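> Pasting the sequence and the predicted model now:
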Amino acid sequence: MAPRRAADPARVVSAALEWLGTPYHDQASIKGLGCDCLGLARGVWRDIVGPEPMAPPPYSRDWGEVGARETFAETVRPYLIEIDPGEAGPGALALFRMRRGAPAKHCGIILDDGRFVHSYERTGVVAMRFDRPWRRRVAFAFLFPETA
């Protein structure tokens, strides 16, 4: 099977920016109305790639969860293009480990200006500095494919 081509990073960044200001809503994915971090990634997928290949499995928003299983990464791995987290640049989807020993349960899309877009409880979809505290939390990174 031929390797999949990555979507144009500028298109991914532009699509992510269109979600700014969307209120936080757990397990939702409706631009302008509500989404969580996965809902943001799902919406960008729909904008860039097309219909979602599957419904997301049930998930908890408990960042204190522990365990060796990386359910989030395992779920997206067949559909996205995995890259080394240290090489993640504009347009990449970064999966964050919010606590040491916990699985990666948060995500955001890296912009081209030193920031990233994510959906955060109480703030909704915002762009924040992709600074050292956030960079050190990146456990996995993926690129959106050009096509499904």
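Thanks, I have it. Source: prediction; values computed, not measured.
> Let me know the pLDDT of the residue nearest to Ile81 when sequence neighbours are not counted.
Distances taken as Cβ to Cβ, 6 or more residues apart in numbering place Leu143 nearest to Ile81, at 4.3 Å, with adjacent residues excluded. Yep, even glycine has a C-beta here, placed from its N, CA and C like the rest. With respect to pLDDT, Leu143 scores 98.
> Report the separation between Leu143 and Glu74.
Using Cβ to Cβ, to the nearest Å, Leu143 is found at 17 Å from Glu74.
> pLDDT weak spots in the protein?
By pLDDT under 70, the low-scoring segments of the chain are 1-3, 60-67.
> contacting residues for the closest residue to Arg5 other than its chain neighbours?
Spatially, and ignoring its direct neighbours in sequence, Arg5 is nearest to Glu146 (4.4 Å; Cβ to Cβ, 6+ apart). By Cβ atoms under 8 Å, 6 or more residues apart in numbering, the contact set of Glu146 is 4-8, 49.
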